[in-house]
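In: Predicted coordinates and the sequence they were generated for:
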Amino acid sequence: DAGITQSPRYKITETGRQVTLMCHQTWSHSYMFWYRQDLGHGLRLIYYSAAADITDKGEVPDGYVVSRSKTENFPLTLESATRSQTSVYFCASSDRRPPTDEQFFGPGTRLTVL
Amino acid sequence: GESVGLHLPTLSVQEGDNSIINCAYSNSASDYFIWYKQESGKGPQFIIDIRSNMDKRQGQRVTVLLNKTVKHLSLQIAATQPGDSAVYFCAETSTGNQFYFGTGTSLTVIP
């Protein structure tokens, strides 16, 4: 049972480059989320998706692009990476079935933009 | 935007003692709250949740208390163990789609 996986786990890139972070879940959860985690800010929602081909902005979407052509995948793209996007990125999924709205998190991707 | 804050950034407790981690939130419309535990190098892990129609909810060794009047949430861990050492986050939502997380409290259990 793989659950939710992220790749790569670590990435170093340069300012201006395009970077794609991958997220894959095996539970067929309808909802998927991308967060970034920075010291002093906790986790902040970047984008989320309620189903395939349905995405919506979160709290900090600028500089990021997402797509969801398949239920199990939710890639996050930094079109032109900036140093301020150095962070740990977490993907999460949820089936949002009562009584809980628990989100299941992946192991994270540590991204460094030089 | 909404703000979710924690009263203490770090907490150290003796093994076997009870731990209390606090969280304040500002959005009176928030109706669902979750506590997560995050161990070093891992993603957050669900501990317990509570809806706004409840004041208290208990799990295994954990209890969450919700005071809507003062917009305050707390997590109580009974008989704290070394394996409880981690960062604890509260998260709240009024929509179910967008959760707002606190900055986290680092719990250290002293053997």
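Out: Cool, the structure landed.

In: Helix or strand next in line after the top strand by length along chain A, which one?
Out: Of all segments of type strand in chain A, defined using DSSP state E, the longest is strand A:42-51. Once the chain leaves strand A:42-51, the next helix or strand it forms, by DSSP states H and E, is strand A:54-57.

In: Paired strands for that next one, with orientation please.
Out: Strand A:54-57 has the following sheet partners, assigned by DSSP bridges: strand A:42-51 (antiparallel).

In: Give me the contacts around the partner strand.
Out: Counting by C-beta atoms under 8 Å, 6 or more residues apart in numbering or on different chains, the neighbours of strand A:42-51 from elsewhere in the structure are A:30-38, A:55-61, A:64, A:66, A:68, A:71, A:74, A:76, A:89-90, B:4, B:44, B:89, B:91, B:97-104. Every C-beta, even on glycine, is put in place using the N, C-alpha and C of the backbone.

In: ok, 6 Å please
Out: Outside strand A:42-51, the residues within contact range by C-beta atoms under 6 Å, 6 or more residues apart in numbering or on different chains are A:30-37, A:55-56, A:58-61, A:64, A:66, A:68, A:74, B:97-98, B:101-104.

In: Chain B contacts on chain A?
Out: Proximity of chain A to chain B is assessed by C-beta under 6 Å from any C-beta of the partner chain, with A:Gly42, A:Leu43, A:Leu45, A:Tyr48, A:Phe90, A:Thr100, A:Asp101, A:Glu102, A:Phe105, A:Gly106, A:Pro107, A:Gly108 identified as the residues in range.

In: What is the neighbour count of the fifth one?
Out: Yep, that's A:Phe90 we're talking about. For A:Phe90, the neighbour count with other C-beta atoms under 10 Å in any protein chain shown is 26.

In: Neighbour-wise, which one of the residues of chain A next to chain B leads?
Out: Per-residue neighbour counts (other C-beta under 10 Å) across the residues of chain A next to chain B peak at A:Leu43, which has 28 neighbours.

In: and the gap between the one residue in chain B that gets nearest to chain A and B:Leu73?
Out: Here the residue of chain B nearest chain A is B:Gly43; by C-beta to the nearest C-beta that distance is 3.2 Å. With the distance defined as C-beta to C-beta, to the nearest Å, B:Gly43 ends up 21 Å from B:Leu73.

In: Neighbour count: the two, which is higher?
Out: More neighbours surround B:Leu73 than the other of B:Gly43 and B:Leu73, with 25 against 22 (other C-beta under 10 Å).

In: which residue sits closest to that one, ignoring its sequence neighbours?
Out: What sits nearest to B:Leu73 in space, not counting adjacent residues and going by C-beta to C-beta, 6 or more residues apart in numbering or on different chains, is B:Cys23, at 4.3 Å.

In: B:Ala78 too?
Out: Closest residue to B:Ala78 apart from its sequence neighbours, by C-beta to C-beta, 6+ apart: B:Arg61 at 4.7 Å.

In: ok so, going back, tell me the confidence at the residue nearest to B:Leu73?
Out: With respect to pLDDT, B:Cys23 scores 93.

In: Ok, A:Asp1 next?
Out: So A:Asp1 comes in at 57 (pLDDT).

In: Ok, B:Gly1 next?
Out: The predicted local distance difference test score for B:Gly1 is 33.
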